[in-house]
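J.: Predicted model, plus sequence, below.
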Amino acid sequence: MKAYIFPGQGAQYPGMGRDLYDNFPNCREMFEEANDILGFRITDIMFEGTVDNLKQTRVTQPAIFLHSTIMAVALGDSFKPDMVAGHSLGEFCALVANNSFSFEEGLILVSKRAVAMQKACEAEPSTMAAIIGLEDKVVEEVCVSIDEIVIPANYNTNGQIVISGSIEGIERAIELLNEKGARRTLKLAVGGAFHSPLMEPARIELEKAINETIFIEPLCPVYQNVDAVPSTDPGAIKNNLVAQLTSPVRWTQSVLNMISDGASLFTEIGPGNVLQGLIKKTDKSSVVQSGQALLAL
């Protein structure tokens, strides 16, 4: 069975999507439609901007969304998923790809999500850190022990978790996790504590927009970040998408469940190859490939 996976924030790079724009007329139309919807030429930033230009949250999230969803269109008849999943922001791409809602609706939601998250970051200084080389349980116990907001935010693969919380809480957690024998701890260059309770203002703001969007029964199951189990129920999908902003991304669990349910080939649709690497670390026998490589055939 074929699983299509979609990356999240951090996968962006200068020049992203230019090949799609230049080589596929239907993709060019989608990019131009996106410029109109957003009210600025995001294509200029994607194709010609700098790394710093692409780091702006209002640009980063829509840019990755566009690259991923438009690449799926460029693949044409070869894009035939039996299941989909997306990492954080990538979940919106996965839901467009499996027809839960339209490209236009997805872009509007992602743009609102980016703005709401940026506002939450500015209101409450916070951060994230990657923890490598410890069992999940150890990281979870340390987070609970700290008298600050600190939670596991991304379960990326075995022995790799990203934690999220207040600046003081993350600094204390890093100290304790180093004492526990972490192979590496690294504060991330992000604007805030994504997938933590500190994103509650953004969740409330995004919930209104999601509830106003019509979700339909998708073409195939989506394994969502919140619970890592397959769903085709529009109501459940909508509820999980609302909860996603303040809940952990259970990527490791999603991958293992997809494999258990028959996934034999994972294709990463979008910029970069981060998810392919995470899957191989989670299950060495899994076959992974890049959607970009398929376009080059």
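T.: Structure received.
J.: Val48: neighbour count?
T.: Rather than Val, residue 48 is Glu. When neighbours are defined as other Cβ atoms under 10 Å, Glu48 has 12 of them. Where C-beta positions appear, they are placed from N, C-alpha and C, glycine not excepted.
J.: OK, contacts around it?
T.: 14-15 (Cβ atoms under 8 Å, 6 or more residues apart in numbering).
J.: Run a quick neighbour tally on Asp261.
T.: 15.
J.: Check Pro25 too.
T.: 8.
J.: separation between it and Glu122?
T.: 40 Å (Cβ to Cβ, to the nearest Å).
J.: what's the answer for Leu95, then?
T.: 27 Å.
J.: Looking at those two, which is more packed in?
T.: Leu95 (25 against 10).
J.: Correct me if wrong: that one contacts Pro218.
T.: Yes. With contacts counted by Cβ atoms under 8 Å, Leu95 reaches Pro218, the gap being 7.2 Å.
J.: and for these two, which residues touch both?
T.: Here Leu95 and Pro218 have Ile237 as joint contacts, going by Cβ under 8 Å, 6+ apart.
J.: what's the nearest residue to Leu109 if we skip its chain neighbours?
T.: Ala209 (5.8 Å; Cβ to Cβ, 6 or more residues apart in numbering).
J.: helices or strands up against whatever helix or strand the one you found lives in?
T.: Ala209 belongs to helix 200-211 when assigned by DSSP states H and E. Using 3 or more Cβ pairs under 8 Å, 6 or more residues apart in numbering; DSSP states H and E, the elements in contact with helix 200-211 are helix 103-123, helix 234-243.
J.: Show residues contacting stretch 211-224.
T.: Residues contacting stretch 211-224 (Cβ under 8 Å, 6+ apart): 81-85, 91, 94-95, 98-101, 105, 109, 229-235, 237-238, 240-242, 244, 254, 257-258.
J.: Where does the record place the domain boundaries for this protein?
T.: 2-122+197-295, 125-187 (automatic domain parsing).
J.: and these as CSV, adding mean pLDDT?
T.: As requested, the domains of the chain are arranged in CSV below (pLDDT from 0 to 100):
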stretch, mean pLDDT
domain 2-122+197-295, 95
domain 125-187, 96
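J.: So the closest residue to Val190 other than its chain neighbours versus Glu140, what's the distance?
T.: Counting by Cβ to Cβ, 6+ apart, the nearest residue to Val190 once its immediate chain neighbours are dropped is Met128, at 5.2 Å. Applying Cβ to Cβ, the value for Met128 to Glu140 is 16 Å.
J.: Looking at the two, which one has more neighbours?
T.: Met128 (22 against 17).
J.: any residues touching the strand or helix carrying that one, and which ones?
T.: Using DSSP H and E, Met128 sits within strand 126-132. Strand 126-132 has contacts (Cβ under 8 Å, 6+ apart) with 139, 149, 153, 159-167, 170, 173-174, 177, 182-188, 190, 192-194, 196, 198.
J.: Pull out the buried residues from the residues you listed.
T.: Neighbour-count burial (16 or more other Cβ atoms under 10 Å) applied to those gives 139, 149, 153, 159-166, 170, 173-174, 177, 182, 185, 190, 192-194, 196, 198.
J.: Okay, helices next: where are they in the stretch 151-297 of the chain?
T.: 167-179, 200-211, 234-243, 251-260, 274-282, 291-295 (DSSP state H, counting those that start in this stretch).
J.: Single out the most deeply packed of those.
T.: Mean neighbours per residue, mean count of other Cβ atoms under 10 Å, is largest over these for helix 251-260, with a mean of 21.
J.: In strands only, show me the contacts of strand 126-132.
T.: 153, 160-166, 184-187 (DSSP state E).
J.: Turn the residues you listed into JSON lines, columns for distance to Phe6.
T.: Shown next, in JSON lines, are these (distance: Cβ to Cβ, whole Å):
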{"residue": "Ala153", "distance to Phe6": "18"}
{"residue": "Gln160", "distance to Phe6": "19"}
{"residue": "Ile161", "distance to Phe6": "21"}
{"residue": "Val162", "distance to Phe6": "18"}
{"residue": "Ile163", "distance to Phe6": "23"}
{"residue": "Ser164", "distance to Phe6": "21"}
{"residue": "Gly165", "distance to Phe6": "26"}
{"residue": "Ser166", "distance to Phe6": "30"}
{"residue": "Arg184", "distance to Phe6": "26"}
{"residue": "Thr185", "distance to Phe6": "28"}
{"residue": "Leu186", "distance to Phe6": "24"}
{"residue": "Lys187", "distance to Phe6": "26"}
